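In: Compute the structure for the input listed below.
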Amino acid sequence: AFMQITYDYFVESRRKERLGRMFGQYIPAELVEKIDATGDELSLEGENKEMSVLFSDVRGFTTISESLEPTELTRFMNEFLTPITRIIHDNRGTIDKYMGDAVMAFWGAPISDEHHAQHALIAALEMVDAMQQVSADFAAKDWPPIKVGIGISSGPMNVGNMGSSFRMAYTVMGDVVNLGSRLEGQTKNYGADIIIAQETQAMVWGFTMRELDLIRVKGKHVPITIYEPLGKTESISEEFSQQIDDYHEALAQYRNQEFQTAKATFERLHAAEPSVLYELYLERIAD
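Out: Here you go, the predicted structure:
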């Protein structure tokens, strides 16, 4: 019996060690523990799954990096990447990679998550809030404030250990992933902190959204609708809610080619609260 217990313990330790080695760098330790407790077998083999991917990038990072000494820059990056990583982990996300100031993460693997889009969006909104706090702390050190742009898309993607015989990485690939990266790149054009694809928007609940635009995606004939999540619906003020309704009305007028009416509404909104988005539509109407 003692031999059996020792053997079981040995097998269990080996399993935990293997799980830790496989996933420890991607997901938080407590999730590795959880996987171990459920006894679920996880695989690094490639598979196609419904998931969500998130890309986040710091606005104007090149300018920031040029204004700091190399050692200061390292500290600066650690101080904003640490809270971002913690938020992703707290919301069941898997870190894919860090690319300088940018972070890529996904939801739905290695642990299945039927609410992957909801968790990705909660993480994104928390990241935007956290950066306001970080900026306040940075001001005390005479460091520049920090703003992130975030893109999220959801749908089928390939996930698994991919790479070469020299270096493997647990990552996601596919059109849905490329779209997430493109949406992040669009945030500054629309003056939005977060932009999500229509598939993500259809999977989440409890948030107030602003419809931004219809965009053409490489390889797709039908344009897709993109949205800006503005926060949890219960925390949106009545005044702001009215402003969003007015904007949607102006957008409908613009699409119906009622340009004069749309122009008047956009101008009124822009005068009350200047926005890159209103400017964009006013420029299109002028064209």
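
In: Could you report the neighbour count for residue 82?
Out: Using other Cβ atoms under 10 Å, residue 82 has 12 other residues around it. No exception for glycine: its C-beta is placed from N, CA and C like everyone else's.

In: any idea how far it is from residue 187?
Out: Applying Cβ to Cβ, to the nearest Å, the value for residue 82 to residue 187 is 22 Å.

In: residues in contact with residue 108?
Out: Residues near residue 108 by Cβ atoms under 8 Å, 6 or more residues apart in numbering: 49-52, 116, 159.

In: quick one: which of the residues you listed is nearest to residue 147?
Out: Lowest distance from residue 147 to these (Cβ to Cβ) belongs to residue 52, with 22.3 Å.

In: Tell me, how many residues neighbour the closest one?
Out: 32.

In: List the backbone torsions phi and psi for it.
Out: As for residue 52, its main-chain torsions (degrees, to the nearest 10) stand at phi -120, psi 140.

In: Now do the buried residues in the helix or strand encompassing residue 127.
Out: Using DSSP states H and E, residue 127 sits within helix 116-140. Residues 116-128, 130-131, 134, 138 are the ones in helix 116-140 that count as buried (16 or more other Cβ atoms under 10 Å).

In: so where's the stretch 151-287 of the chain shaky on pLDDT?
Out: Along the stretch 151-287 of the chain, the parts satisfying pLDDT under 70 run over 165-168.

In: ok, the contacts of residue 108 vs residue 210, which is closest?
Out: Among the contacts of residue 108, residue 52 lies closest to residue 210 (Cβ to Cβ), at 19.6 Å.

In: which residues does that closest one bridge with?
Out: For residue 52, the beta-bridge partners under DSSP bridges are residue 107, residue 154.

In: do you know how far the residue minimising distance to the centre of the chain is from residue 200?
Out: When Cα atoms, centre = their mean is applied to the chain, the residue found nearest the centroid is residue 54 (3.2 Å). Distance from residue 54 to residue 200, counting by Cβ to Cβ: 10 Å.

In: which neighbours do the two share?
Out: Counting by Cβ under 8 Å, 6+ apart, the residues touching both residue 54 and residue 200 are 120, 152.

In: before we move on, back to that, I'd say the residue nearest to the centre of the chain and residue 94 touch.
Out: No: the pair residue 54 / residue 94 is not scored as a contact, 10.3 Å apart, by Cβ atoms under 8 Å.

In: Common neighbours of these two, please.
Out: Residues touching both residue 54 and residue 94 (Cβ under 8 Å, 6+ apart) are 88, 105-107.

In: what's the spacing between residue 163 and residue 107?
Out: 22 Å.
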